[in-house]
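**Q** Fold the following.
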Amino acid sequence: MTGSASLYVDYAATAPMRREVLEAMWPWLTSHFANPSSRYEAGREARQALEQARGQLAQMLGCLSGELIFTSGGTEADNLAIKGLALAAQRPPEHRRILISPLEHAAVEGACAYLERYHGFTIERLQVDSNGHVDLDDLDQRLQRPATLVSVLWAHNEIGTIQRIAAIAERVAKSDALLHVDAVQAAGWLAIDLSQLTIDALTISGHKLGAGRGIGALYVRRGVPLEPLIHGGSQEKGRRGGTEALPQAIGLVKAYELARRDAETYSKAVADRRDRLIEGVLARCAGARLTGDPRERLPHHVSFVFPGIHGEAVLLALEARGILCSSGSACKAGDDAPSPSLLALGIEASEAQTALRLCLSVTNTEADIDRLINAVATAVDEVNALGQP
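**A** Got it, this is the predicted structure:
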């Protein structure tokens with residue numbers, strides 16, 4: 001260990017809770033703790049606060065408040081969207097096709113696998129190019145046959161590529177299929193205006209925004225049937241049973257508001273630092289390759305592969321220098337298999353296992369970028385040297 005302070009650059013995995021968020025939540029965690037379903041005054045006050053938070057989030061997302069369901073996070077919201085939309089659609093067997101990209105989050109993959117095992121759905125994976133963009137011609141061709149659902153990540157957690165959602169939504173809208181968009185990584189960094197997009201369901205998660213763990217939201221377009229995952233109560237208009245997490249919902253709204261404000265103010269500066277980090281690592285590390293689209297990518301997201309070296313050894317060498325980062329999705333941590341997303345881009349399995357992901361925040365400085373470039377280059381050199389006879 002060098003003795004220097006840790007530098008956290010894994011914001012695609014999670015973000016620290018913001019002070020303003022905790023302050024907004026605090027009264028509802030302490031003095032105003034009543035159940036929003038209680039009929040006495042304190043309960044009515046809690047209900048009013050919950051619906052006010054829902055309305056504020058809806059206004060920022062460009063939808064109706066009744067179209068938002070608070071969940072325990074992105075994974076539950078993805079599951080509710082995939083299973084809830086597919087089952088409620090009640091399509092005939094020959095229409096039970098679900099189209100997803102091969103880059104989807106484990107929550108979407110798992111929900112689709114469940115529908116395939118127990119409800120007779122067929123899962124088809126759309127073609128993507130080497131940068132991770134869905135092949136729109138392939139989508140058009142597959143939509144010529146009836147399908148129940150299409151699900152696509154707006155921005156990718158491992159490679160940072162921003163999907164062309166407007167073009168995808170336009171094509172799906174011409175078919176009889178529904179469209180779900182996982183916007184967990186996009187929310188905050190990218191402007192979302194659901195009034196301008198024909199999307200049937202959209203997922204966001206609080207802990208990526210600085211709202212803490214245990215809260216997310218699912219948008220479901222008005223009039224679209226949804227089968228609940230959690231039964232047993234009339235909460236969320238019967239779409240999700242269980243006492244609502246009022247403090248967390250208030251925190252989510254505050255965190256989203258702050259994330260959007262910061263993105264509007266600092267997004268270009270963060271993207272400039274991202275680009276300098278990319279250029280510096282590529283210049284210092286022979287053979288390193290950027291993964292994902294070099295231009296159409298999240299402003300804070302950097303990801304590489306380093307052919308011929310051991311990726312886990314690089315992570316350990318970086319941690320020894322106080323750099324806290326990852327190889328990709330936190331949901332696949334501990335899995336030695338190469339990332340399916342990287343394999344789908346045409347990257348060889350051995351190369352996919354060398355992945356490194358660095359995700360910045362608006363607070364990172366130019367000095368931080370210098371430190372990251374030097375640390376990555378030194379770590380790669382060290383690991384390369386260990387492999388020499």
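
**Q** Val383 reaches Ile309, doesn't it?
**A** Yes: using C-beta atoms under 8 Å, Val383 is in contact with Ile309, at 4.9 Å. To be clear about C-beta, it is placed using only N, CA and C from the backbone, and glycine gets the same treatment.

**Q** Now Arg284. Nearest residue, chain neighbours left out?
**A** Leaving aside its sequence neighbours, Arg284 sits nearest to Ala377 (C-beta to C-beta, 6 or more residues apart in numbering; 3.7 Å).

**Q** Can you pull out the low-pLDDT segments for this structure?
**A** 1-4, 328-336, 388-389 (pLDDT under 70).

**Q** which residues in it form strands?
**A** Counting by DSSP state E, the chain has these strands, from start to end: 7-8, 68-71, 97-100, 122-125, 149-153, 178-182, 201-205, 216-220, 289-290, 301-305, 323-324, 356-359.

**Q** chain center to the third one: distance?
**A** Its chain's C-alpha centre lies 19 Å from the corresponding centre of strand 97-100 when counted by C-alpha atoms, centre = their mean, to the nearest Å.

**Q** Can you pull out the residues in contact with it?
**A** For strand 97-100, contacts defined as C-beta atoms under 8 Å, 6 or more residues apart in numbering pick out 82, 86, 108-109, 112, 115, 121-126, 139, 142-143, 145-152, 177.

**Q** Just the C-alpha atoms of that strand, please, in CSV.
**A** Extracted in CSV, the C-alpha atoms of strand 97-100 (Å, rounded to 0.1, in the frame of the first residue of the first chain):
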residue,chain,number,x,y,z
ARG,A,97,-41.5,-14.1,-27.9
ILE,A,98,-39.3,-11.8,-25.9
LEU,A,99,-36.6,-9.9,-27.7
ILE,A,100,-33.6,-8.7,-25.6
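
**Q** Is the closest residue in space to Glu296 that isn't next to it in sequence bridged to anything, and to what?
**A** Once flanking residues are discounted, Glu296 sits nearest to Ile162: 4.8 Å by C-beta to C-beta, 6+ apart. With DSSP bridges as the criterion, Ile162 is bridged to Ala155.

**Q** per the record, what domains does this structure have?
**A** According to automatic domain parsing, the chain is divided into the following domains: 7-15+265-386, 19-257.

**Q** for the protein, what's the longest helix?
**A** The helix spanning the most residues in the chain, taking DSSP state H as the definition, is helix 246-284.

**Q** Thr243 is nearest to which of the strands of the chain?
**A** Among the strands of the chain, the nearest to Thr243 by C-beta to C-beta is strand 68-71 (11.0 Å).

**Q** And that closest one, how far out from the chain middle?
**A** 16 Å.

**Q** Next, the residues that contact it from outside, please.
**A** 54, 57-58, 61, 77, 80, 215-220, 236-237, 239-240, 244-245, 248-249, 252.

**Q** Show the buried residues in the residues you listed.
**A** 54, 57-58, 61, 77, 80, 215-220, 236, 239-240, 244-245, 248-249, 252 (16 or more other C-beta atoms under 10 Å).

**Q** My guess is His156 contacts Ser339. True?
**A** No: His156 sits out of contact with Ser339 when judged by C-beta under 8 Å, with a separation of 10.7 Å.

**Q** which one of these two has more residues nearby?
**A** His156 (32 against 23; other C-beta atoms under 10 Å).

**Q** what are the phi and psi angles of the more buried one?
**A** For His156, the backbone dihedrals (degrees, to the nearest 10) come out as phi -90, psi 130.

**Q** State the distance from it to Pro146.
**A** 28 Å (C-beta to C-beta, to the nearest Å).

**Q** now, of the strands of the chain, which is deepest in the fold?
**A** Of all the strands of the chain, strand 201-205 has the most neighbours on average by mean count of other C-beta atoms under 10 Å, namely a mean of 29.
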